[in-house]
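Q: quick check, what structure comes out for this input:
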Amino acid sequence: MFGIPGKAPVTLTPAAVAQIEKLMAQKGASALRIGVKKGGCAGMEYTMDYVSELDPMDEVVGQDGAKVAIAPMAQMFLFGTEIDYEVSLLEAGFRFRNPNVTEACGCGESIKFRDMDEAPGG
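A: All right, here's what the predicted structure looks like:
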C-alpha cells in the first residue's frame with residue numbers, strides 16, 4: 001500500500017465522521033468506499049459508494065464509528081487527504097482537501113492530479 005507506516009492515508013473531520021456514521025446506518029453499509037474516476041472538466045472526479053463487503057485490496061480507515069474504504073486505484077491519489085462535511089445555506093456535501101490536486105474546476109467536483117511523468121523522480 002501507499003503511504004507512511006502508522007499514518008492513516010486520509011483523515012476525517014468530526015463532521016465527516018458524523019455524516020458517514022449516519023449514512024452507514026441508513027443504508028446498512030459496512031463502509032463508504034471512496035475512489036476516483038475519469039470525468040469532469042478537469043479530468044478526474046471523486047466517487048463515493050456504499051459497500052456491504054470490503055474488498056481485500058481496499059485501504060480501510062476507521063475513525064470513531066465511521067469506516068472509509070479507499071479503492072485500490074485511488075490510494076495513491078488520496079494519500080494525505082482530509083475529508084470534511086460542510087453545510088451552508090445553499091448546499092451540503094463532502095469536501096476533499098487533497099494535497100495531490102494540481103487543478104480543480106470552479107464547482108470543485110472535478111480535479112486534476114500531477115501527471116505521472118511529471119512526478120518527482122520520474
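
Q: partners of the most centrally placed residue in the chain in the sheet?
A: Among the residues of the chain, the one closest to the centroid is Ile34, at 4.7 Å (C-alpha atoms, centre = their mean). Here Ile34 sits in beta bridges with Met48, Ile70, going by DSSP bridges.

Q: mind checking pLDDT for it?
A: What the model reports for Ile34 is a pLDDT of 93.

Q: correct me, but it touches Tyr50?
A: No - using C-beta atoms under 8 Å, Ile34 is not in contact with Tyr50, being 11.3 Å away. From N, CA and C alone the C-beta is placed, and that goes for glycine too.

Q: what residues are shared contacts of these two?
A: Shared contacts of Ile34 and Tyr50, defined by C-beta atoms under 8 Å, 6 or more residues apart in numbering, are absent.

Q: any idea how far the longest helix anywhere in the chain is from the chain center?
A: Scanning the chain for the longest helix, with DSSP state H as the assignment, gives helix 14-27. Distance of helix 14-27 from the chain centroid (C-alpha atoms, centre = their mean, to the nearest Å) equals 14 Å.

Q: pLDDT averaged over it, what's the number?
A: Across helix 14-27, the average pLDDT comes to 95.

Q: can you dump the C-alpha atoms of that helix in PDB for me?
A: Extracted in PDB, the C-alpha atoms of helix 14-27 (Å, rounded to 0.1, in the frame of the first residue of the first chain):
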ATOM      1  CA  PRO A  14     -15.700  15.200  13.300                       C
ATOM      2  CA  ALA A  15     -18.400  16.500  10.900                       C
ATOM      3  CA  ALA A  16     -17.400  13.900   8.200                       C
ATOM      4  CA  VAL A  17     -17.300  11.100  10.900                       C
ATOM      5  CA  ALA A  18     -20.900  12.000  12.000                       C
ATOM      6  CA  GLN A  19     -22.200  12.100   8.400                       C
ATOM      7  CA  ILE A  20     -20.500   8.900   7.400                       C
ATOM      8  CA  GLU A  21     -21.900   7.100  10.500                       C
ATOM      9  CA  LYS A  22     -25.300   8.400   9.700                       C
ATOM     10  CA  LEU A  23     -25.100   7.200   6.100                       C
ATOM     11  CA  MET A  24     -23.700   3.800   7.000                       C
ATOM     12  CA  ALA A  25     -26.600   3.300   9.500                       C
ATOM     13  CA  GLN A  26     -29.300   4.500   7.000                       C
ATOM     14  CA  LYS A  27     -28.000   2.200   4.200                       C
END
